[in-house]
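Undergrad: one predicted model, sequence on top.
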Amino acid sequence: MKTKRFLPVKILGCVAGGALLLFGLLASLNVFSHVKGNATAEKLADLFESDTGAWVRASIMLLGLLLIALVLNNVDLKAKGGNTLNSRLVRTPIKRMFPLFLLPTFAAFCIGFLYPFVKGLFLSFTQFKLTRNWEWNGLQNYSTIFQDKGFTHAFWYTALFTVASLVVINVLAFAVAYALTRGIRGSNVFRTVFFMPNLIGGIVLGYIWSTIFEGILINFDTSLVLESKFGFWGLLILMAWQQIGYMMIIYIAGIQAVPEDIIEAAKIDGASAWKTLWHVTIPNVMPSITICTFLTLTNSFKLFDQNVALTGGRPFDGDVHTTEMLALNIYRALYETKKSRGPGQAKAVVFFVLVAVISIVQLSATRKKEVQQ
Amino acid sequence: MNASLLKRQKRSKALLSVAFSILSVVYLLPIVTVLINSFKSNAAINTDTFALPNSETWMGLDNYVKGMTFGNYPFWKSVLFSLFITVVSTFLILLCTSMAAWYVARVGTLFSKIVYYLCVFSMIVPFQMVMFTLARTSDSLHLNTPWTIPIVYLGFGAGLAVFMFSGFVKSIPLEIEEAAAIDGCGPIRTFFLVVLPLLKPTLISVGVLEIMWVWNDYLLPYLVLDRTKYMTIPIHIQYLKGSYGSVDLGATMALILLSIVPIIIFYLTCQKYIVKGVAAGAVKG
């Protein structure tokens, strides 16, 4: 019933907010400068599309969003299951605190994520060098990037590396976690040691390992940046060294959460250690396996720092940088190009779609195999 | 029969212990290599990477002294900027997102639902998707200094933090807050005196994740910050090593070691929380 009150005000608020938001967005994308031969548009472009007017445009957009937010914030949703959300005592006073509790985070979220995302999506359909001078290009960018040999190579290289690291890291991390939960002497020290590389940043890690690999390979008169297979295995070793500790911690938590009595029951029934592991422990740590495969998959797929620091894509084979992964390829297409950055942004959109699809498919696939408790 | 089985188990456990001791030492070798090389001359690092320094190659603390001012940018400045950005960003993220998450979880309006799903959505968007436009945006809004970059971190990191916090808030019984309200607490006091203490485990795990992310982050500050004036440790090291022909390996090794030491100290002192935080954060995220 309550939602019907002030309906005209609400609609008006939404429309006004939407108009402000749209206007700010158009000005931010420099649309008015692109309209030729219209006096009003030229005037608007002069007023709102200068380089110094960024805060003005941002404020207009935020104001529009705020109006919409205030309206939508008064549309109460019915709580599912029980009356937890309907407690007047808690809910109504909090709702009045909207500007203090939600607004700062939401404003930062708009600046740091929402607006760049929308603008990035828009620019992927254009040719641009600086964001204000774009030219509409339709789907052209998307068709050019799939003919870009460097990009397709980076894609397959990333896919191969992701699969390899997924298997290596998870198998080793599970083995280590399993061994360390057997109650052997010094478990805590080993845990501390294995986890440590995780806290070192990717750039530093890359340089530590490139020093080591160069130190080894110099004895064979070759170098890390001379053969692409060295770069691949090197990166795999680096990632394993870094990630095993992290995944181990998650697996240990999972293994320790397996109820003691079902392990005992399996033992009494005469199951060997191997069978207990395979048929009792592993199905019960499925949630941890889900998390770890998900984490290693996305970590490897999005890898950038380690790739830059270890080989930086070398050795080069014409336009193809043989050890370059997708993230680095996108970075080069955006920042090291003399031509339009449009294709680079289109690559970024494709990359986003790939990561999103992997995340969703992978999560829903492994969730099904979890043991219901 | 049973006794021999026990004996065998004991033996295999001891063997495992020994094997893991060796493995741990091997695991630490890369860091030891950096330590050794930070005392050696450049030529020796190139040719005899794994040899201990001898009287000829020993450089003492020369590499460290050289490293502090190497590359026309004082290293201590990078350290201070890194420290400042990490502390302020983490504090800002913890404060703002925990408040936002409580609001989102408790209020249940159409708008708070939309914000929640936007946050979940932002978790699957890779940084490369927004990096170019984010860097341009923060440039034109003058968010490109160490004093303002925490706002960018708050915006980009809000998704995961709000998601984790609101997951935990939902498990807090509402009766506690109702009791606080009946006793006359407004929302602000309820949040800071009742809810925030209950959130402590999640605060720690989100805090650990954010510290690890911000301290080690390279690309975001590299693109957002005005690099001629401000550097963080990862940018500094990349700058020394990645570019411009003459690389001073010894000085770089010294700086790499100096950049690892604070992390290791932080890790060894807060290990309990870090390990717990990682485990909890992963299970929820």
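TA: The structure has been received and is ready for your questions. Numbers count the residues shown, from 1 in each chain, chains lettered A, B, ... in the order given.
Undergrad: A:Asn141 and A:Gly342 touch, don't they?
TA: Yes. In this structure, A:Asn141 is within contact of A:Gly342 by C-beta atoms under 8 Å, at 4.6 Å. Quick note: C-beta positions are derived from backbone N, CA and C, even for glycine.
Undergrad: now do the host helix or strand of A:Leu100: distance to the chain's middle.
TA: Using DSSP states H and E, A:Leu100 maps to helix A:98-101. Centroid displacement of helix A:98-101 relative to its chain, using C-alpha atoms, centre = their mean, to the nearest Å, is 28 Å.
Undergrad: packing partners for the longest helix seen in chain A?
TA: Using DSSP state H, we find that the single longest helix of chain A is helix A:149-180. If contacts are counted by 3 or more C-beta pairs under 8 Å, 6 or more residues apart in numbering or on different chains; DSSP states H and E, helix A:149-180 sits against helix A:187-195, helix A:228-256, helix A:286-301, strand A:320-321, helix A:326-335, helix B:2-37.
Undergrad: in a markdown table: these, plus mean pLDDT.
TA: Below are the helices and strands packed on helix A:149-180 laid out as a markdown table (pLDDT from 0 to 100):
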| stretch | mean pLDDT |
| --- | --- |
| helix A:187-195 | 89 |
| helix A:228-256 | 91 |
| helix A:286-301 | 86 |
| strand A:320-321 | 86 |
| helix A:326-335 | 92 |
| helix B:2-37 | 86 |
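Undergrad: quick one: contacts for residue 68?
TA: Since you didn't name a chain, this refers to chain A. A:Gly13, A:Cys14, A:Gly17, A:Gly18, A:Leu21 (C-beta atoms under 8 Å, 6 or more residues apart in numbering or on different chains).
Undergrad: wait, chain B was what I had in mind.
TA: B:Pro74, B:Phe75, B:Trp76.
Undergrad: tell me which element the last one is part of?
TA: Which is B:Trp76. Using DSSP H and E, B:Trp76 falls in helix B:75-107.
Undergrad: next secondary structure after that helix?
TA: helix B:110-123.
Undergrad: look at A:Asn141 and A:Gly342 and report which has more neighbours.
TA: Remark: of A:Asn141 and A:Gly342, A:Gly342 carries more neighbours, 26 against 23, as counted by other C-beta atoms under 10 Å in any protein chain shown.
Undergrad: list the contacts of that one.
TA: A:Gly342 touches A:Leu123, A:Ser124, A:Phe125, A:Thr126, A:Gln127, A:Phe128, A:Trp134, A:Asn137, A:Gln140, A:Asn141, counting by C-beta under 8 Å, 6+ apart.
Undergrad: OK, now which residue of the stretch 151-285 of chain B is nearest to chain A?
TA: B:Gly155 (1.8 Å; C-beta to the nearest C-beta).
Undergrad: what residue ranges in the chain score low on pLDDT?
TA: With no chain named, the answer covers chain A. For chain A, the stretches with pLDDT under 70 are A:1-5, A:78-87, A:363, A:365-373.
Undergrad: my question was about chain B
TA: B:1-2, B:242-246, B:280-285.
Undergrad: now the most centrally placed residue in it: closest residue in space that isn't a chain neighbour?
TA: Central residue of chain B (C-alpha atoms, centre = their mean): B:Met212, 1.0 Å from the mean position. For B:Met212, ignoring the flanking residues on the chain, the nearest one in space by C-beta to C-beta, 6 or more residues apart in numbering or on different chains is A:Leu199 at 6.2 Å.
Undergrad: report the contact partners of the nearest residue to A:Gly112 once chain neighbours are set aside.
TA: Leaving aside its sequence neighbours, A:Gly112 sits nearest to B:Gly155 (C-beta to C-beta, 6+ apart; 1.8 Å). Going by C-beta under 8 Å, 6+ apart, B:Gly155 touches A:Ala108, A:Phe109, A:Cys110, A:Ile111, A:Gly112, A:Phe113.
Undergrad: compute the number of surrounding residues for residue 157.
TA: Just so you know, I chose chain A. Neighbour tally, A:Tyr157, other C-beta under 10 Å: 23.
Undergrad: that answer is for a different chain, and I need it for chain B
TA: B:Gly157: 28 neighbours (other C-beta under 10 Å).
Undergrad: and the gap between it and B:Phe39?
TA: 38 Å (C-beta to C-beta, to the nearest Å).
Undergrad: picking up where we left off before, identify, from the contacts of A:Ile68, the entry nearest to A:Val225.
TA: Using C-beta to C-beta, A:Leu21 comes nearest to A:Val225 of the contacts of A:Ile68, at 49.1 Å.
Undergrad: what strand or helix carries that closest one?
TA: Using DSSP H and E, A:Leu21 sits within helix A:7-28.
Undergrad: so, in contact with chain B or not, the helix or strand immediately after that helix in the chain?
TA: On the C-terminal side of helix A:7-28, the nearest following helix or strand under DSSP H and E is helix A:31-34. No. Counting by C-beta under 8 Å from any C-beta of the partner chain, no contacts exist between helix A:31-34 and chain B, the nearest distance being 15.3 Å.
Undergrad: list the helices and strands the following helix or strand past helix A:31-34 packs on?
TA: Proceeding N to C from helix A:31-34, the next assigned helix or strand is helix A:39-48, under DSSP H and E. For helix A:39-48, the packing partners by 3+ C-beta pairs under 8 Å, 6+ apart come out as helix A:31-34, helix A:54-72.
Undergrad: what's helix A:39-48 in contact with?
TA: A:Ala27, A:Asn30, A:Phe32, A:Ser33, A:Val35, A:Gly53, A:Val56, A:Arg57, A:Ile60.
Undergrad: so the last one touches A:Leu20, yeah?
TA: What that stands for is A:Ile60. Yes. Contact status for A:Ile60 versus A:Leu20: in contact at 5.6 Å, counting by C-beta under 8 Å.
Undergrad: just to revisit the earlier point, the longest helix of chain A to helix A:187-195, inter-axis angle?
TA: 170 degrees (axes from the mean of the first three to the mean of the last three C-alpha atoms, to 10 degrees).
Undergrad: for helix A:149-180, list every residue counted as buried.
TA: A:150-151, A:153-155, A:157-158, A:161-162, A:164-166, A:168-170, A:173-174, A:176-180 (16 or more other C-beta atoms under 10 Å in any protein chain shown).
Undergrad: can you pull the contacts of the closest residue to A:Leu102 other than its chain neighbours?
TA: Spatially, and ignoring its direct neighbours in sequence, A:Leu102 is nearest to B:Tyr103 (4.7 Å; C-beta to C-beta, 6+ apart). Shown in contact with B:Tyr103 (C-beta under 8 Å, 6+ apart): A:Ile94, A:Met97, A:Phe98, A:Phe101, A:Leu102, B:Ser112.
Undergrad: which two among the residues you listed are spaced furthest apart?
TA: A:Met97 and B:Ser112 (12.2 Å).
Undergrad: give me the more crowded residue out of the two.
TA: B:Ser112 (26 against 18).
Undergrad: which residues does that one contact?
TA: Here B:Ser112 is in contact with A:Asn73, A:Leu102, B:Tyr103, B:Val104 (criterion: C-beta under 8 Å, 6+ apart).
Undergrad: go on, B:Leu118?
TA: Taking C-beta under 8 Å, 6+ apart, we find B:Leu118 in contact with A:Phe109, A:Leu114, B:Gly159.
Undergrad: just put these in a markdown table and tack on distance to B:Leu249, neighbour count and secondary structure.
TA: Shown next, in a markdown table, are these (distance: C-beta to C-beta, whole Å; neighbours: other C-beta atoms under 10 Å in any protein chain shown; DSSP: H, G, I helix; E, B strand; the rest coil):
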| residue | distance to B:Leu249 | neighbour count | secondary structure |
| --- | --- | --- | --- |
| A:Phe109 | 43 | 26 | helix |
| A:Leu114 | 44 | 18 | helix |
| B:Gly159 | 40 | 22 | helix |
